[in-house]
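[1] Here is a sequence together with a model predicted from it:
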Amino acid sequence: MGGAPPLAPGGRSWSDAMKQGLSLVLLLLSVALAGCTAPSVVMQDPKTQETLRCEATGFTAELAQLVIDECRKNYEKAGWVQVPS
């Protein structure tokens, strides 16, 4: 029952194949998550100088932008202004 362990396709060891597969999954996940954010918007209450950040993550870039725009519009209706971030 001894001998060399079976090889993965391409003549590599299963350990090497698993490491390469995991690396590929992590790379693809990083690329996918990088596209899931949109720029944030900083809003300020002119009366109190309080600030907050409208932001969204975990969405497609287009959906995140819609969420941020809605947040900005709601605060503008309440008298807040957008300030440079």
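    Looks like it arrived, so ask away.
[2] switch to C-alpha atoms for all contacts and neighbour counts from now on
    Fine.
[3] check contacts around Val41.
    Residues in contact with Val41 (CA atoms under 8 Å, 6 or more residues apart in numbering) are 53-55, 68, 72, 82-83, 85.
[4] Okay, it and Ile68: tell me how far apart.
    According to CA to CA, to the nearest Å, Val41 and Ile68 sit 7 Å apart.
[5] Quickly list what's touching both of these two.
    By CA under 8 Å, 6+ apart, the residues touching both Val41 and Ile68 are 54-55.
[6] Out of the contacts of Val41, which sit inside strands?
    Here DSSP state E is the test, and these give 53-54, 82-83 as lying in strands.
[7] Please, a PyMOL command that selects the buried ones among these?
    To isolate the buried subset of those in PyMOL, counting by 16 or more other CA atoms under 10 Å, use the following:
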select buried, resi 54+82
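[8] closest to Asp45 among the ones in strands among the contacts of Val41?
    Distance ranking of those against Asp45, using CA to CA, places Gln82 first at 9.0 Å.
[9] Is the closest one bridged to anything, and to what?
    Going by DSSP bridges, Gln82 is paired in beta bridges with Met43.
[10] mind listing what it touches?
    Gln82 makes contacts with 41-44, 72, 76, as judged by CA under 8 Å, 6+ apart.
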